[in-house]
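**Student:** Return a 3D structure for these sequence lines:
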Amino acid sequence: MDPQSQIFLGISIQVSLSGYSFKVYSPAGVETSGWMGAERLFTTPEFQRRYDGVEISLLTPKVALVPESFYNPSQARAALSEVASLEETDFVENVAIPSMASVLLFSNSIGESLSKVLAQTVLPASGTPVRVLPEMYYLLREVENLQEYNKIVASWHDGHLHLVIAQGRSLCLANVFDAPDFTTAEYFLFLSLKRLQLNPEVSTVCFRTPLSQEAEMSLYRYFKAVVQL
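**Tutor:** Prediction:
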């Protein structure tokens with residue numbers, strides 16, 4: 001084993017239609033890649049190692065969070081189709097969110113294969129491919145870890161804003177908005193805060209996806225702080 005590989009503990013990869021980004025977590029800190037094109041997949045050295053933990057998220061807009069008490073496996077496709085546009089061939093999956101007593105319905109059928117290739121390429125120490133989960137799953141997980149009362153976690157790429165907002169232990173919103181540019185993404189972010197009567201000036205907004213310097217500075221005009229997770 002390459003001794004250098006021992007310092008790498010985990011990797012988190014976000015996949016979209018246009019490419020991917022990743023973060024490597026090690027005792028030395030966090031290494032972030034920014035968005036990269038699929039053509040660099042097999043030449044990325046970070047993908048040639050084994051990790052203690054591997055996470056792969058897909059920025060699919062086809063998601064719906066339902067309470068456990070309302071979840072019926074036989075009605076999963078029908079429930080998801082109420083909030084997302086599904087094709088007949090779309091495969092519908094689910095993942096439990098026990099801490100929220102909810103089930104996240106989703107479809108990774110968005111016309112890409114990169115996430116599947118990454119799941120077979122970037123492996124944990126066990127050698128068993130990890131499951132590709134929707135970005136919304138990780139946003140919901142992140143919002144539980146935030147210490148502030150107003151919790152705002154988002155991702156934006158390829159024309160969709162993925163947004164989760166909570167106050168204390170209460171989940172207020174988990175949704176995906178069509179946002180072809182960052183200005184539109186900000187519009188839906190501020191509209192959601194207004195409807196929930198949350199003041200951005202006393203709130204921190206957290207983004208899982210990489211932000212350009214321009215986008216980050218734009219957010220700083222309104223929020224107490226901007227954090228890139």
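**Student:** When you work out contacts or count neighbours from here on, use the C-alpha atoms and nothing else.
**Tutor:** Will do.
**Student:** what does the lowest-mean-pLDDT helix or strand in the chain contact?
**Tutor:** Within the chain, no helix or strand scores below strand 29-32, which has a mean of 89 by mean pLDDT, DSSP states H and E. Applying CA atoms under 8 Å, 6 or more residues apart in numbering, the contact partners of strand 29-32 are 21-25.
**Student:** how distant is that strand from the center of its chain?
**Tutor:** The chain centroid and the centroid of strand 29-32 are separated by 17 Å under CA atoms, centre = their mean, to the nearest Å.
**Student:** which stretches of the protein form strands?
**Tutor:** With strands called from DSSP state E, the chain shows them at 10-16, 19-26, 29-32, 53-58, 63-67, 92-97, 102-107, 132-134, 150-157, 160-167, 170-178, 204-207, 225-228.
**Student:** The longest one packs against which elements?
**Tutor:** The reference is to strand 170-178. Contacts defined by 3 or more CA pairs under 8 Å, 6 or more residues apart in numbering; DSSP states H and E place strand 170-178 against strand 63-67, strand 160-167, helix 182-195.
**Student:** which residues touch the spatially most central residue of the chain?
**Tutor:** Centroid check for the chain by CA atoms, centre = their mean gives Glu135 as the closest residue, at 2.6 Å. Counting by CA under 8 Å, 6+ apart, Glu135 touches 14, 57-60, 155, 162.
**Student:** Return the member of the residues you listed nearest to Phe207.
**Tutor:** Nearest to Phe207, judged by CA to CA, of those is Ser155 at 5.4 Å.
**Student:** which one of the contacts of Glu135 sits closest to Pro98?
**Tutor:** Nearest member of the contacts of Glu135 to Pro98, counting by CA to CA, is Ser57, at 19.0 Å.
**Student:** Surely the closest one is in contact with Ala119?
**Tutor:** No - here Ser57 does not reach Ala119: they are 10.0 Å apart, not a contact under CA atoms under 8 Å.
**Student:** Many thanks, we can stop here.
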